[in-house]
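S.K.: show me how the following folds:
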Amino acid sequence: KTEGIGEKTEPNLEKILKLKPDVILGSTKFPPATIKKLDKVQTTIPVSHVSSDWESNLLLLGELTGKSEEAKNIISDYQKDLKQAKETLKDKSSNKTAVILRIRQGDLYVYPEDVYFNSTLYGDLGFTAPSDIKKAKAQALISLERLGELNPDYIFVQFSKEENSSNPNALKDLEKNKIWTSLKAVKNGHINENAVDPMLQGGTALSKTTFLDKAVKWLDQNN
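M.R.: This is a model prediction of the structure:
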């Protein structure tokens, strides 16, 4: 069961107090002032939003819920799958660039190397991050013209109706754009739309394991 408790910058402390939490798990995205407010209600732990920290986050949840062994097993299974994935993709990821694009209200966004699903794509699978992603400090807007200049070998597009209510045809319009159709990833059939549920946030164990499975299968089938 879930209950709304307000926005991350303005949580409803009265509602949270009524829920009588034993501990509050926040996010490192929360402003310091918000963490201080929550800490007055109950001990608050700001959980990292950086996806490369997923193992530490999972071990924390395992410890808090008495499921440390289950958490360790998930991590162990992921490492085994990753080892096999690297072997499968060793000739495809070597010196190849890849980009994960997230479409939000019709605009294109990229993330830093260790945020969203990028930690899997670059840190785990060994693809090369284009310069704009190496420079990004947070979610960053990228123009279609700039994407054309980067011209990556593989592109993952994440598009959801929920995040594009003001521009529901954004993906269809993108697919018709001349810059888009001129990209080598498009010409070579190296475009993956919604490899995983577009609302997955990238930094959880579910996101990591699901993306690894789906991405590797797709990459293995596309030369």
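S.K.: tell me how many other residues crowd Gly202.
M.R.: 22 (other CB atoms under 10 Å). (Glycine included, C-beta is placed from N, CA and C.)
S.K.: need the contact list for Asn192.
M.R.: 154-157, 215, 218 (CB atoms under 8 Å, 6 or more residues apart in numbering).
S.K.: okay, it and Pro168: tell me how far apart.
M.R.: Relative to Pro168, Asn192 is positioned 21 Å away (CB to CB, to the nearest Å).
S.K.: make sure Met199 is indeed in a helix.
M.R.: No - assignment of Met199 by DSSP: H, G, I helix; E, B strand; the rest coil gives coil, placing it outside any helix.
S.K.: heads up, I number from 864, so please use that
M.R.: Shifting the count to begin at 864 puts that one at Met1062.
S.K.: quick check: chain neighbours aside, which residue is closest to it?
M.R.: Ser1023 (5.6 Å; CB to CB, 6 or more residues apart in numbering).
S.K.: residues near that neighbour, how many?
M.R.: 16.
S.K.: backbone phi and psi for it, please?
M.R.: Backbone geometry at Ser1023, expressed as degrees, to the nearest 10, gives phi -130, psi 150.
S.K.: quick one: pLDDT of it?
M.R.: At Ser1023, the predicted lDDT confidence score is 96.
S.K.: distance check, it against Gly925.
M.R.: Counting by CB to CB, the separation of Ser1023 from Gly925 is 29 Å.
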